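Chemist: whatever this is, show me its structure:
(chains A and B)
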2 protein chains.
Amino acid sequence: MKIFTFWRSLASFRVRIGLNLKGLAPEQVFVDLFKGQHCAPAYLAINPQGLLPALIEGEGPPLVQSLAILEYLDETHPSPPLLPADPRGRARARALAQIAAGDAHSLVTPRVRGYLAAEFGVDETGQTKWAHHWLGLGLQSIEEHLTRESETGLYCHGDTVTIADISVVSVAVGHQLFGGALDAYPRLAEIIDRCFQLEAFSAAHPLKQPGAP
Amino acid sequence: MKIFTFWRSLASFRVRIGLNLKGLAPEQVFVDLFKGQHCAPAYLAINPQGLLPALIEGEGPPLVQSLAILEYLDETHPSPPLLPADPRGRARARALAQIAAGDAHSLVTPRVRGYLAAEFGVDETGQTKWAHHWLGLGLQSIEEHLTRESETGLYCHGDTVTIADISVVSVAVGHQLFGGALDAYPRLAEIIDRCFQLEAFSAAHPLKQPGAP
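Modeler: This next block holds a predicted model:
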């Protein structure tokens, strides 16, 4: 098993947490987003979307998209489970994960901020405002789900870690990397703290990876 | 079962296709995005994110996020399946679905275009260019997956419809609604045509829903 990854990639962060939880330690290949290595032909041959991470295992095309990879890891290495046991619970955990990854994180990636700068002349201040807006909106709606729904427990869904925690943690940390705070999302912040008491989460933190400042 | 939906919502379109494939016809409640009904307290009480669709069924919080809802429908109404039988195939189908929904569609929703206009003064021409850029990038990377990977069949994954087709169709139609063409993505365009030969897809098309122009 081999993973293409980078310290600053929040999607790679999600998959690192999942790998840690499952006790898996694939070979790591670092793709420097700041040097544009993700746009080089060598990497586009692995992942035509030019995004991180990509996971190589056995035969067949590389696995891409963090949430799809996490579901794959969960199906092939069932213990500990990353999804609740019931369909309703799985739907809720997946929805929280998708709000974070698909409706918040995907709006603030380097390619999006780069386009804002190149096409609309948005400077760094504007880009940071943009990032705070979309990450904040995502975190706010997750906070609403967590506070109003009785399914919330010690973690986002019940008392064990699920794919929801993995994804929400990645976006909360992304918000912090952009200089944002979590004070406005107390229930979420409490869960994030609890997650980082686990080695699987803390060891996966972007700032603990090779190449991080 | 009750669904909150709107003709122009591509995420609602995805869930409509899934419901049709499963032979389900829930009561529909229309939430007019153009009139801002999704931001009214009555709808935010259903879905704190203020996005469509939301599905109400039995006890528990409303189900949100189109791909999570589709997985729920697939688990609770297994025939016909919306996911391949093997973990590797499921990972690929989910990844294609997530590229379309999470990395393309989520960037062009009304709230994002509204923010571009309000914060950066991006006019309608700029917003359309933005939409073409992100939808086009998504469709291009999906085309790459479809052409280079032998798992592609009559549909995105093999010879039966999966969640990948549902999601890719929604973004292809979104591209068309913004005036875009599919000529640059021939393998994808062929699959889209094949999907629309199925009543479940054609009856779900945005322009065939109540309120559509």
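Chemist: C-alpha only now, for contacts and for neighbours.
Modeler: Will do.
Chemist: for chain B, what is the nearest residue in chain A?
Modeler: A:Gly102 (4.2 Å; CA to the nearest CA).
Chemist: that residue: what secondary structure?
Modeler: Of the three states, A:Gly102 takes helix under DSSP: H, G, I helix; E, B strand; the rest coil.
Chemist: show me what contacts the nearest residue to it once chain neighbours are set aside?
Modeler: In space, and not counting its chain neighbours, A:Gly102 is closest to B:Gly102: 4.2 Å by CA to CA, 6 or more residues apart in numbering or on different chains. By CA atoms under 8 Å, 6 or more residues apart in numbering or on different chains, the contact set of B:Gly102 is A:98, A:101-103, A:106.
Chemist: and chain A, which of its residues are near chain B?
Modeler: For chain A, the contact set with chain B under CA under 8 Å from any CA of the partner chain comprises A:48-49, A:61, A:63-65, A:67-69, A:71-72, A:75-76, A:87-88, A:90-92, A:94-95, A:98-99, A:101-103, A:106-107, A:120, A:122, A:138, A:141, A:144-145, A:149.
Chemist: ok, of these, which come out buried?
Modeler: The neighbour-count test (16 or more other CA atoms under 10 Å in any protein chain shown) marks A:48-49, A:61, A:63-65, A:67-69, A:71-72, A:75, A:87-88, A:90-92, A:94-95, A:98-99, A:101-103, A:106-107, A:122, A:138, A:141, A:144-145 as buried among the residues of chain A next to chain B.
Chemist: among those, which lie within strands?
Modeler: Mapping these onto strands (DSSP state E) picks out A:63-64.
Chemist: what pLDDT, on average, does stretch A:91-102 get?
Modeler: Stretch A:91-102 shows a mean pLDDT of 98 in the predicted model.
Chemist: stretch A:137-146 too?
Modeler: Here the average pLDDT along stretch A:137-146 is 98.
Chemist: send over it as PDB, restricted to the C-alpha atoms.
Modeler: This file holds the C-alpha atoms of stretch A:137-146, laid out as PDB (Å, rounded to 0.1, in the frame of the first residue of the first chain):
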ATOM      1  CA  LEU A 137     -20.500  28.300   7.400                       C
ATOM      2  CA  GLY A 138     -19.600  24.600   7.300                       C
ATOM      3  CA  LEU A 139     -18.600  24.500  10.900                       C
ATOM      4  CA  GLN A 140     -21.700  26.500  11.900                       C
ATOM      5  CA  SER A 141     -24.100  24.100  10.200                       C
ATOM      6  CA  ILE A 142     -22.200  21.100  11.800                       C
ATOM      7  CA  GLU A 143     -22.500  22.800  15.200                       C
ATOM      8  CA  GLU A 144     -26.300  23.100  14.600                       C
ATOM      9  CA  HIS A 145     -26.500  19.400  13.800                       C
ATOM     10  CA  LEU A 146     -24.500  18.500  16.800                       C
END
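Chemist: how close does the residue lying farthest from the centre of chain A get to B:Tyr115?
Modeler: In chain A, the residue that sits farthest from the middle, by CA atoms, centre = their mean, is A:Gly121; the gap is 27.9 Å. For A:Gly121, the distance to B:Tyr115 equals 15 Å [CA to CA, to the nearest Å].
Chemist: which helix in chain A has the most residues?
Modeler: The longest helix of chain A (DSSP state H) is helix A:124-148.
Chemist: starting at the chain centroid, how far to that one?
Modeler: 15 Å (CA atoms, centre = their mean, to the nearest Å).
Chemist: equivalent analysis for stretch A:47-65, please.
Modeler: Worked out by CA atoms, centre = their mean, stretch A:47-65 lies 16 Å from the chain centre.
Chemist: send me it as CSV with only the CA atoms.
Modeler: Extracted in CSV, the C-alpha atoms of stretch A:47-65 (Å, rounded to 0.1, in the frame of the first residue of the first chain):
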residue,chain,number,x,y,z
ASN,A,47,-4.8,11.0,-10.3
PRO,A,48,-6.2,12.8,-13.3
GLN,A,49,-7.8,15.4,-11.0
GLY,A,50,-4.4,16.4,-9.7
LEU,A,51,-5.6,16.4,-6.1
LEU,A,52,-4.3,14.6,-3.1
PRO,A,53,-4.4,12.0,-1.7
ALA,A,54,-4.2,8.9,-3.9
LEU,A,55,-3.9,5.4,-2.6
ILE,A,56,-2.2,2.6,-4.5
GLU,A,57,-3.1,-1.0,-3.4
GLY,A,58,-2.9,-4.1,-5.5
GLU,A,59,-4.4,-4.2,-9.0
GLY,A,60,-6.7,-1.7,-10.5
PRO,A,61,-6.6,2.1,-10.7
PRO,A,62,-5.4,4.3,-7.8
LEU,A,63,-8.0,5.0,-5.2
VAL,A,64,-8.9,8.7,-5.0
GLN,A,65,-11.2,11.0,-3.0
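Chemist: residues making contact with it?
Modeler: A:1-6, A:9, A:11-12, A:15, A:38-39, A:43-44, A:46, A:66, A:69, B:91-92, B:95, B:98-99, B:138, B:141, B:144-145, B:149.
Chemist: pLDDT on it, on average?
Modeler: For stretch A:47-65, mean pLDDT rounds to 95.
Chemist: burial count for A:Pro110?
Modeler: A:Pro110 has 13 neighbouring residues, counting by other CA atoms under 10 Å in any protein chain shown.
Chemist: let me fix that: A:Arg148
Modeler: Applying other CA under 10 Å, we find 12 residues neighbouring A:Arg148.
Chemist: now it: how far from B:Leu44?
Modeler: 12 Å.
Chemist: how is chain A carved up into domains?
Modeler: Domain assignment of chain A by automatic domain parsing yields the ranges A:2-80, A:87-202.
Chemist: looking at this, A:Phe4 is in a strand?
Modeler: Yes: under three-state DSSP, A:Phe4 falls within a strand.
Chemist: skipping its backbone neighbours, what lies nearest A:Glu71 in space?
Modeler: Excluding the flanking residues, the one nearest A:Glu71 by CA to CA, 6+ apart is B:Ala91, at 7.2 Å.
Chemist: list the contacts of that neighbour.
Modeler: Contact analysis of B:Ala91 by CA under 8 Å, 6+ apart lists A:63, A:68-69, A:71-72.
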